[in-house]
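[1] Got a predicted structure here, sequence first:
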Amino acid sequence: MASKAAYKRLSKEYIAMQKEPPPFVWAAPDEKNILTWNYIIRGPPDSPYAGGEYHGVLLFPSEYPFKPPGIKMLTPSGRFQPDKKICFSMSDFHPGSSLMDHVAHFSLTGLLSFMLSDEMTTGSVTTTDDEKRIYAARSHAWNLKQKRFREAFPEYCTPTARDVPNMAQKELRASASSTNPPSPTPPTSCAASVATFTTPQTPAMPTSASASSDDKAVVRTPNGTTPSTEGANGVGQSWAASLRQMVWEKWRWGVILALALVVSRLSSSN
């Protein structure tokens, strides 16, 4: 039977657990006995326990919060003996310290840290990493067969293991950003860069609002025409001007020759 102090403190800790669950861990008190909490630990990535789902219990004494809880892991893990009390250092737990407000959080975080180490203690076993991976792959199927797990976590009785509320995504992103700062973003996309080098840019033509007729540059042909504005008519007028020039040259020389002939006849008659 939980004392009034234990009941009040554990209710407070459960609210804290809901607001800020520790990474890879979730826990909730038993509906019939608040001194017993069921927990789930998900195996962190890059560890032999990756993908694993480990069910266990926290056993709080009636003197809580003046004595720490006992811990058992029920799911075979290759690290701890199933359903046997695990002893690991609780030297950081001191009644009256700030950690007292989050003993469940601290205990489960400490258990996960101890699980990832190679330290041996009461309740631990020695296996290879490959054996731990085999246990991890079988863990969820094993849990689904256990009545205690199904009653404690019906929402986790899914075909595949379900993530706990905090899978440490925020922590992993923060760690990745601190070790691998983002590369500078290019000013344009790759497609825009290709277009810049492959498509010639057409200069903007001045408008009436930005330039007067005196400021406009006009390209002229040797005949004085402006092909950009005359089009086909300009070409026809150019050929006509050339023809008139040729006729004029021949007519001029013909007049000169006729005058020379008249002068020579007048001179011979005299």
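    Ah, there it is. Everything numeric here is computed off the predicted structure, so don't read it as measured data.
[2] lowest-pLDDT helix or strand in the protein?
    Within the chain, confidence by mean pLDDT, DSSP states H and E is lowest for helix 190-198 among all helices and strands, at a mean of 37.
[3] H102 - that's part of a strand, no?
    No - counting by DSSP: H, G, I helix; E, B strand; the rest coil, H102 is not found in a strand; it is helix.
[4] How confident was the prediction at the closest residue to it other than its chain neighbours?
    Using CB to CB, 6 or more residues apart in numbering and skipping residues adjacent in sequence, the residue nearest H102 is A16, 6.0 Å away. (Glycine included, C-beta is placed from N, CA and C.) We have a pLDDT of 92 for A16.
[5] Which strand or helix spans A16?
    Assigned by DSSP states H and E, A16 belongs to helix 4-19.
[6] Identify the residues contacting that helix?
    Helix 4-19 is contacted by residues 2, 26-29, 34-35, 37, 60, 62-65, 101-105 when judged by CB atoms under 8 Å, 6 or more residues apart in numbering.
[7] Sort out for me which of those residues are in helices.
    Under the assignment DSSP state H, the contacts of helix 4-19 contribute V103, A104, H105 to helices.
[8] quick one: which of the residues you listed is most hemmed in?
    When neighbours are counted by other CB atoms under 10 Å, A104 leads the ones in helices among the contacts of helix 4-19 with 24 neighbours.
[9] OK, contacts around that residue?
    Taking CB under 8 Å, 6+ apart, we find A104 in contact with L10, E13, Y14, M17, A27, W37, L58, P69.
[10] Now M120: closest residue in space that isn't a chain neighbour?
    M120 sits nearest to T126 (CB to CB, 6+ apart), 7.2 Å away.
[11] next one: G51
    Closest residue to G51 in three dimensions, ignoring its sequence neighbours and counting by CB to CB, 6+ apart: A136, at 5.3 Å.
[12] since we're on the one you found, how many residues are nearby?
    By other CB under 10 Å, neighbour count at A136 equals 24.
[13] got it, and P69?
    If you count neighbours by other CB under 10 Å, P69 ends up with 21.
[14] close enough to count as contact, it and S107?
    Yes - contact status for P69 versus S107: in contact at 5.8 Å, counting by CB atoms under 8 Å.
[15] Domains of the protein: list them as residue ranges, please.
    Domains of the chain are assigned by automatic domain parsing as 4-170, 230-270.
[16] quick one on the thing from earlier: list residues touching both of P69 and S107?
    Common contacts of P69 and S107 (CB under 8 Å, 6+ apart): L58.
[17] returning to what we had before: now, among the contacts of A104, which is nearest to P45?
    Lowest distance from P45 to these (CB to CB) belongs to A27, with 20.9 Å.
[18] My guess is the closest one contacts Y39. True?
    Yes - the pair A27 and Y39 qualifies as a contact (CB under 8 Å) at a distance of 3.8 Å.
[19] can you list residues touching both of these two?
    L58, L108.
[20] in the stretch 51-200 of the chain, what spans have low per-residue confidence?
    Counting by pLDDT under 70, the stretch 51-200 of the chain shows low-confidence ranges at 89-101, 171-200.
[21] Quick one: end-to-end length of stretch 105-125, please.
    24 Å (CA to CA, to the nearest Å).
[22] quick one: contacts of it?
    Contacts for stretch 105-125 (CB under 8 Å, 6+ apart): 13, 16-17, 20, 22-25, 27, 39, 41, 44, 47, 49, 56, 58, 68-69, 71-73, 77-81, 84-90, 92-93, 99, 126.
[23] Weed out the non-buried ones from the contacts of helix 4-19.
    Buried by 16 or more other CB atoms under 10 Å: 2, 26-27, 29, 34-35, 37, 60, 64-65, 102-105, out of the contacts of helix 4-19.
[24] Name the nearest of these relative to D130.
    Taking CB to CB as the measure, D130 sits nearest to W26 out of these, at 27.3 Å.
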